[in-house]
Structure formats: structure tokens, C-alpha cells
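S.K.: Sequence isn't available, so here's the structure alone:
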């Protein structure tokens with residue numbers, strides 16, 4: 001071992017010490033709480049066993065206990081829980097974090113809290129000012145996923161040429177076209193969700209293919 005080498009950079013030390021960032025979601029019969037923690041693990045003994053034990057745990061964020069929503073006297077409202085937790089994590093992890101790659105863990109958790117509060121306030125304002133029933137609002141929530149997330153997720157898995165630009169254009173085109181169609185012609189032959197899905201597909205293809213010819217042309221235009 002190099003005497004000038006830090007212990008944390010030694011490959012053997014790295015194999016024996018593991019650091020994990022964990023998210024604990026406690027959904028109880030009366031209260032719901034989210035806890036973000038940093039856990040340090042160490043391998044048992046000096047033989048190459050796969051068993052680790054917890055050395056320390058640091059709590060990075062602990063949310064206040066919120067009342068668990070119920071759909072009936074016996075069933076927890078999973079839609080109400082997922083409608084807040086899922087968009088918060090997806091937006092922060094897949095949209096904000098790639099734009100700010102140097103974001104620290106504490107900044108990431110703070111962003112999660114801000115996005116969570118923003119989504120909650122937006123959902124509350126929409127529900128208070130909407131004349132739709134609860135079932136219509138739940139249906140619209142899944143429609144947003146259909147027109148803004150289905151195509152980018154599927155393209156990212158099955159299409160090698162999909163990229164971030166295509167995903168952003170696809171989500172924006174799908175969401176805007178669906179809203180325009182729903183406001184302008186809600187009873188048209190082609191339902192507004194299908195209009196949004198079609199524009200989302202077009203945006204994915206256009207956004208993923210258009211930057212490549214432009215970049216290729218720029219590389220040829222540079223002096224050699």
C-alpha cells in the first residue's frame with residue numbers, strides 16, 4: 001500500500017466499506033412519514049463474506065408526520081399518496097438533478113421538499129377551483145402520465161436513438177396538445193388523450209433526430 005494513498009481510496013477498504021443513501025416511507029394506519037438516511041456498512045471479519053453490519057446511520061431529512069389519507073373506513077387511499085410521492089421523486093431525480101449535476105445530497109433533499117410542497121399546493125388549488133368530481137380528477141392525473149411520460153419512458157427503453165432533448169420535447173408537446181384539445185374540442189371524434197399521445201410520439205422522434213443533423217453539419221463547417 002502506498003503510504004501517500006488515503007485509506008478511503010484503497011480498493012480493499014472500498015470493498016469492505018459501503019455507504020448507502022436510503023429512503024424510508026412509513027405508511028401507518030394513522031400517520032405517514034418519510035425519512036432520508038445515509039448508512040455506513042462494514043463487511044464482517046477479514047474473510048470475503050457477503051455479510052455486512054451497520055456502523056452508523058445519519059438522518060439527512062425527517063418529514064413531519066402527516067395524517068394517512070383513507071378512501072374508506074378500511075382502505076388507505078393509495079392514489080392520494082402516490083399522486084404526491086411519485087411526481088416529486090420523478091421530477092427531482094430525472095429533470096432537476098441532470099440539470100444540476102453538482103447538487104449535493106442536502107441540496108437534493110431540499111429540492112425534494114420544495115417540489116413536494118409545490119405539487120401539494122398546486123393539487124390543492126386545482127381541487128378547490130375545479131368543478132370536476134374526485135373520479136374525474138384521478139382520471140386526469142393518469143391522463144397526464146399517458147401524454148407526458150409513456151412515450152419518453154418507452155423510447156428510453158426500446159429506442160437507442162432516444163435522448164434527453166427528445167424526452168423533454170415529447171413531454172411538453174404531449175401535455176400542451178392534450179390541454180388545448182381538451183379545452184377546444186373535448187367531444188371530438190379523436191379523444192384529447194389520443195391527440196396528446198400522438199404529439200408526444202412526434203415530439204420524441206423530432207427531438208431525438210433533429211439535433212443530430214445539426215451537430216453533424218456544425219462539425220463539417222468548422223475549419224480543419
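M.R.: Looks like it came in fine. Since the model is a prediction, treat every value here as computed from it, not as a measurement.
S.K.: Residue 105 against residue 61, yeah?
M.R.: No: in terms of C-beta atoms under 8 Å, residue 105 does not count as a neighbour of residue 61; the distance is 9.4 Å. C-beta: built from backbone N, CA, C; applies to glycine.
S.K.: Tell me the gap between stretch 116-136 and the middle of its chain.
M.R.: 20 Å (C-alpha atoms, centre = their mean, to the nearest Å).
S.K.: average pLDDT for it?
M.R.: In this model, stretch 116-136 has a mean pLDDT of 72.
S.K.: Quick check: can you list the domain ranges of the protein?
M.R.: 12-68, 69-129, 134-216 (automatic domain parsing).
S.K.: Deepest in the core, which of those is it.
M.R.: domain 134-216 (a mean of 17; mean count of other C-beta atoms under 10 Å).
S.K.: quick one, what contacts residue 17?
M.R.: Listed by C-beta atoms under 8 Å, 6 or more residues apart in numbering, the contact set of residue 17 reads 40, 41, 42, 43.
S.K.: let me fix that: residue 178
M.R.: So residue 178 contacts 143, 144, 147, 192, 193, 195, 196, 199 (C-beta under 8 Å, 6+ apart).
S.K.: Mind giving me the packing neighbours of the helix or strand encompassing the third one?
M.R.: In this case it means residue 147. Assigned by DSSP states H and E, residue 147 belongs to helix 134-148. For helix 134-148, the elements it packs on are helix 78-91, helix 164-184, helix 192-209, judged by 3 or more C-beta pairs under 8 Å, 6 or more residues apart in numbering; DSSP states H and E.
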